[in-house]
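>>> have a look; sequence and predicted model below, questions after that.
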Amino acid sequence: MNTAATNKEIDTARLWAELETLAAFSATAAPAVTRVVFSRQDLEARAWLKDLFREAFLAVREDAVGNTFASWAGREPELPAVGTGSHIDAIPSSGRFDGTVGVLGALEAIRALQRTGYRPRRSIELLLFTSEEPTRFGIGCLGSRLLSGTLAAERASQMRDRAGSTLDQVRVDAGFAGDLRGVGLPSGYYSSFVELHIEQGPILEREEISIGVVTSIAAPASLMILVEGEGGHAGAVLMPGRKDALLGAAEIVMGVEAAALKTGSIDTVGTTGVCEVFPGAVNSIPSRVRLEIDTRDTDLSRRDSVVAEIRRITDEVASKRGLRATVELLNADAPAQCEPKIIAAVVRACEALGLSHRQMVSRAYHDSLFMSRVAPVAMIFIPCRGGVSHRPDEYSSPEHIANGVAVLAHTLADLAA
Ligand SMILES: [Zn+2]
């Protein structure tokens, strides 16, 4: 496609400098980046970005939760737009590339297309999502959940941060005052949505492949299990009479591993990341244990089979040991399959640019997971050093970023034609 940008048109030096500038909007000293949603640093970064969007002749609007849309009007602006974008919030002491590459990279993709004189038929819209990270309100992808109707406005408005402030209070203080019920996108708003992101895993680097073409996005289910037994003196209560809640919990934790392995798929994972023991004294038999478990898969029925197996194991362990156990499903999002038409466009872009590529699964979830409920989606991954992410030493090279931006520009031009 001769209208699309090649690596030549990508201003890598400018993009790199912008990534550096964005990283400086941080509550912690470099190289660590901390940018929590609606913090002073987040709001300053948003103001700086909106200036950049306007400099590129994009029309900027914001919704009631701060999702920011920067639109490049197409020749037929009444057609559903092509969307792209990602997030800029950063968990405490993380790095500078997670999310930001998909925002500033999308901006550079648009500018590169503008430099070639190309004018899209459909509008191309850059979307900056609010709070992809769960840091402040305990739930990830707040903005895209609301855009896609996955989270009800009434529930979202009352969610609280650690200081006890509701989302409604915090967003209004941050300058986003509209009605949250207006955030949801009408169906058919985007004809396609494509997100550029660092892989956050080691596969592309290890295989020396430039571009990952994401075919599905895994989604987590999280469970809370409360195991209750009988406490007592660690010396006085004899072993045969005990109802030790931690021993039951330990069997359940091993059962989580077994349940994930039992599917036989490399795409199934299960993790017990929280184990709180009460009363938590060396000379006291554990009376109560709280476990939090995360299980993920790209296949919904397989993932749900793991959840069912964890429930079965929990019941079995509880009755065998004379314990009480309850399983609460905290959250269960459905995985997403990417749209073949967008996958094909990304592959065509890689081939036009002579870049090596492979299809892969996204094991982390992203805003695109939720956007898949209201639009056909796909994602473009680029390598990151050692697969490291959410750490200050997160790194993706200028060359890899430029490749990703060129592929994104090609893909956007293709989808907007
Ligand atoms: Zn991210």
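Received the coordinates, thanks.

>>> export stretch 251-266 as CSV, just CAs?
Output of stretch 251-266 as CSV, limited to C-alpha atoms (Å, rounded to 0.1, in the frame of the first residue of the first chain):
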residue,chain,number,x,y,z
GLU,A,251,-4.2,-28.9,50.0
ILE,A,252,-6.5,-26.5,48.1
VAL,A,253,-3.4,-24.5,46.9
MET,A,254,-1.9,-27.7,45.6
GLY,A,255,-5.3,-28.5,44.0
VAL,A,256,-5.3,-25.1,42.1
GLU,A,257,-2.0,-26.2,40.5
ALA,A,258,-3.4,-29.6,39.7
ALA,A,259,-6.6,-28.2,38.3
ALA,A,260,-4.7,-25.8,35.9
LEU,A,261,-2.4,-28.6,34.8
LYS,A,262,-5.2,-31.1,34.3
THR,A,263,-6.6,-29.2,31.2
GLY,A,264,-3.5,-30.2,29.3
SER,A,265,-3.3,-26.8,27.7
ILE,A,266,-0.3,-24.5,28.0
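
>>> ok now stretch 260-273, how far from the chain's centre?
Distance of stretch 260-273 from its chain centroid, counting by C-alpha atoms, centre = their mean, to the nearest Å, is 20 Å.

>>> likewise stretch 353-364?
Distance, centroid of stretch 353-364 to centroid of chain: 17 Å (C-alpha atoms, centre = their mean).

>>> in that stretch, what's buried?
Across stretch 353-364, burial judged by 16 or more other C-beta atoms under 10 Å covers 353, 355, 357, 360, 361, 362, 363, 364. Any C-beta I mention is one placed from the backbone N, CA and C, and that applies to glycine too.

>>> now swap in stretch 253-265 and tell me
Neighbour-count burial for stretch 253-265 [16+ other C-beta under 10 Å]: 253, 255, 256, 259, 260, 263.

>>> which SS class is the residue of the chain positioned farthest from its centre?
For the chain, the residue at maximal distance from the C-alpha centroid (C-alpha atoms, centre = their mean) is residue 236, at 49.8 Å. In three-state terms, and counting by DSSP: H, G, I helix; E, B strand; the rest coil, residue 236 is coil.

>>> pLDDT at it, what is it?
Here, the pLDDT recorded for residue 236 equals 94.

>>> ok, back up a step: and which of the buried residues of stretch 253-265 is nearest to the ion?
Within the buried residues of stretch 253-265, the smallest distance to the ion is 23.8 Å, found for residue 260 (C-beta to the ion).

>>> can you pull the contacts of that closest one?
By C-beta atoms under 8 Å, 6 or more residues apart in numbering, the residues touching residue 260 are 268, 269, 270, 295, 306.

>>> pLDDT and secondary structure added to these, as CSV?
CSV is the format used below for the contacts of residue 260 (pLDDT from 0 to 100; DSSP: H, G, I helix; E, B strand; the rest coil):
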residue, pLDDT, secondary structure
268, 95, coil
269, 95, strand
270, 97, strand
295, 96, strand
306, 97, helix
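
>>> farthest-separated two in those?
Across the contacts of residue 260, no pair lies farther apart than 269 and 306, at 9.1 Å, counting by C-beta to C-beta.

>>> which neighbours do these two have in common?
Joint contacts of residue 269 and residue 306 (C-beta under 8 Å, 6+ apart) are 260, 295, 297.

>>> which one of these is nearest residue 207?
Proximity of the shared contacts of residue 269 and residue 306 to residue 207 (C-beta to C-beta) peaks at residue 297, which lies at 22.8 Å.

>>> what sits closest to that closest one if chain neighbours are left out?
Leaving aside its sequence neighbours, residue 297 sits nearest to residue 303 (C-beta to C-beta, 6 or more residues apart in numbering; 3.6 Å).

>>> now do residue 286
residue 246 (3.8 Å).

>>> who in the chain is up against the ion?
Taking C-beta under 5 Å from the ion as the contact definition, the chain meets the ion at 98, 99.

>>> residue contacts, the residue of the stretch 201-350 of the chain found nearest the ion?
Proximity of the stretch 201-350 of the chain to the ion (C-beta to the ion) peaks at residue 217, 11.9 Å away. The neighbourhood of residue 217, defined by C-beta under 8 Å, 6+ apart, consists of 298, 335, 336, 338, 361, 362, 365, 366, 368, 369, 372, 379.

>>> so where do the strands sit in the stretch 101-250 of the chain?
Taking DSSP state E, counting those that start in this stretch as the test, the strands found in the stretch 101-250 of the chain are 124-129, 190-198, 211-217, 219-228, 232-233.

>>> touching, residue 122 and residue 76? I think so.
Yes: at 6.6 Å, residue 122 counts as touching residue 76 under the criterion of C-beta atoms under 8 Å.
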